[in-house]
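In: turn this into a model:
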Amino acid sequence: MKKLCLILLSGILALNANAQWVMRSPSLTSGITDLNVLNQDTIFASSSESMGLLKSVNGGQTWDTITFGTTTALKVHFTDQQHGFAAGFAAFAVGPTCFKTSDCGQTWQPMYDTIGGGAYFYKIRFLNKDTGFISNMGTLSRTTDGGATFSRQELIPEYHYITNIYFINQTTGFVSLAQYGNVTNLDRIFKTTNAGVSWTEVYSDTTEPQQVFVYDGISQMHFSDAQHGWAVATGMPGKILRTTNGGNTWTELTGHTFTDMSLTDIHFTSPLEGYIVYAQSIYKTTNGGLSWTKQLTSPQDMLILEIEMLNGQVGFASGHGLFKTINGGAPTSLKGIPASEGGFRFYPNPSRDIVYIQNEQQKEIQSLKLYDMTGRECKRYDQQIPSALSLADMADGMYFMMIQTNKELYTGKIQLTK
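Out: From the prediction side, this is the model:
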C-alpha cells in the first residue's frame with residue numbers, strides 16, 4: 001500500500017509540474033499586490049510591506065524598489081508604456097503622497113491632491129496623461145491637467161467609501177462604492193459617459209449582513225469589450241455581477257460556490273473566456289461565468305490575489321509570488337512515460353465518440369483519468385477500467401489520458417472531433 005501511495009503521489013506531482021501558471025519569482029515580502037502589467041517584460045506592482053513601488057523589466061524574474069519618502073501602500077496605474085501614476089499612504093502629512101512619471105518610472109514628479117496624515121488614497125485610475133481620478137475613502141478627486149489641480153466630487157451625501165474606479169475608454173467609466181446605513185448597507189455603481197463630469201447610478205443592491213468588520217464591497221471590475229463586463233464583491237457571501245449592455249444594468253451570477261471573503265479579482269479576455277481569483281487559486285470559465293474550473297499553479301497552494309491577462313494566452317497573477325502563463329493557463333502535457341512505450345494505444349484518434357484502449361502488454365491498470373486542456377479532470381476510473389471510453393457527452397477538443405499502472409505513469413493525447 002505504501003508503494004501504491006508513492007506511485008499515485010508521483011502522478012499528482014507530475015501533473016502539477018506541468019501546470020502552466022508557473023512562478024516567475026517569490027514574493028519579496030508578504031505579498032505582491034496592485035499588479036500593473038505593461039507588457040511581457042515591464043511590470044509594476046506594490047507590496048503590503050514595501051516602502052515603495054516594485055518594478056521589473058524582465059517579466060518579474062527580478063525586482064527593483066522605487067521609494068517615495070515615507071509613502072507606503074501604493075496604488076499604481078499606467079495609461080501607456082511611459083505614463084504612470086501612483087498614490088498611497090503616509091502616517092504623517094510631510095509631503096505629497098501621489099506622483100506621476102512620463103518615462104516608465106525612471107523619474108517621478110509629485111501631484112497635488114493632498115490629504116492629511118494617516119489618511120490614504122484607496123484607488124487610482126487615469127485615462128491619459130492629463131485626466132484621471134484618485135479616491136480618498138468617499139471622496140473622488142478628478143484632474144484634467146496631469147495632477148496640477150484636482151476637483152473633488154461626492155457621489156452621494158450618505159456615509160460611504162469608494163471601492164473601485166474603472167474606465168472602458170476615454171469617456172465611459174464606473175465608480176463603485178459601499179454605503180453604510182443604520183440598518184442596511186448598499187453596494188452601488190455609478191456610470192459616466194463624459195469622462196467623469198457627471199455620474200448616473202446604474203446599480204444598487206442591499207448587502208447581506210457581514211460576518212466581518214471590514215467589507216470591501218465591489219473590489220474589482222473588468223470589461224472584455226464595450227458591452228460585456230464583470231465585477232466581484234469581496235464579502236460573505238462573495239458576489240459576481242455581469243453586464244451585457246455596457247454597464248447600464250447589472251445582474252448577479254448565481255450557482256457558483258465562491259461564498260466568502262476570498263473572491264479578490266476578475267479578468268475576462270472575451271465575452272465567454274475569463275478568470276477569477278478565489279481562495280488563493282485561479283479559476284477559469286469558457287462560458288461567460290456559468291461554470292468555473294480550477295487551474296493549476298506551480299508550486300501549488302500559493303496565495304493568489306490578483307490576475308491580469310495581456311491577451312487570451314499570456315497573463316500574470318500575483319500574491320505570494322508572481323506567476324505567468326503563456327497558454328491561457330492550460331497544461332501543455334501531463335508528465336509521464338508516453339503511452340505507446342507502455343504498449344497502450346488509443347484508437348480511433350481523432351475520434352467522434354468512442355475511444356478504444358488497447359493494452360498490448362496486459363499491464364495492471366490501477367486508474368485511468370481524462371483531462372481537458374484547462375487541467376480539469378473530465379473522467380476517472382479507479383477500479384473497473386473500461387476497454388472502450390465513451391466521449392459522446394464531451395465537447396470537441398484535445399484531451400490528455402493518464403494511465404497509472406502498478407509501476408509507472410503513462411500519458412497520451414486524444415483528439416475529439418464530432
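In: residue 260 belongs to a strand?
Out: No: using DSSP: H, G, I helix; E, B strand; the rest coil, the assignment for residue 260 is coil, not a strand.
In: show me the strands in the stretch 1-150 of the chain, by range?
Out: Counting by DSSP state E, counting those that start in this stretch, the stretch 1-150 of the chain has strands at residues 21-25, 32-37, 43-47, 52-56, 64-67, 72-78, 84-89, 98-101, 109-110, 123-126, 132-136, 139-143.
In: which helix or strand in the chain has the lowest average pLDDT?
Out: helix 2-17 (a mean of 33; mean pLDDT, DSSP states H and E).
In: quickly run through the sheet partners of the strand or helix carrying residue 220, with directions.
Out: Assigned by DSSP states H and E, residue 220 belongs to strand 217-223. Paired neighbours of strand 217-223 in the sheet (DSSP bridges): strand 229-234 (antiparallel).
In: from the chain's centroid, how far away is the strand it pairs with?
Out: Centroid displacement of strand 229-234 relative to its chain, using CA atoms, centre = their mean, to the nearest Å, is 11 Å.
In: who touches that strand?
Out: Identification of contacts with strand 229-234 by CB atoms under 8 Å, 6 or more residues apart in numbering yields 164, 168, 176, 187, 189, 207, 215-223, 238-243, 246-247, 250, 261-266, 268, 274, 276, 289. All C-beta atoms are positioned from the backbone trio N, CA, C, and that covers glycine.
In: out of the strands of the stretch 1-150 of the chain, nearest to residue 413?
Out: strand 21-25 (20.9 Å; CB to CB).
In: neighbouring strands for the closest one, and are they parallel or not?
Out: Strand 21-25 is paired, per DSSP bridges, with strand 297-298 (parallel), strand 321-325 (antiparallel).
In: so for the first one, mean pLDDT?
Out: What it means is strand 297-298. For strand 297-298, mean pLDDT rounds to 81.
In: and the next helix or strand past that strand?
Out: Moving toward the C-terminus from strand 297-298, the next element (DSSP H and E) is strand 304-309.
In: and the next helix-or-strand element following that next one, which strands flank it?
Out: Downstream of strand 304-309, the next assigned helix or strand under DSSP H and E is strand 315-319. Counting by DSSP bridges, the strands paired with strand 315-319 are strand 304-309 (antiparallel), strand 321-325 (antiparallel).
In: mind putting the ones you listed in TSV, mean neighbour count, mean pLDDT and distance to residue 366 included?
Out: Formatted as TSV, the strands paired with strand 315-319 follow (neighbours: other CB atoms under 10 Å; pLDDT from 0 to 100; distance: least, CB to CB, whole Å):
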stretch	mean neighbour count	mean pLDDT	distance to residue 366
strand 304-309	22	94	33
strand 321-325	23	92	31
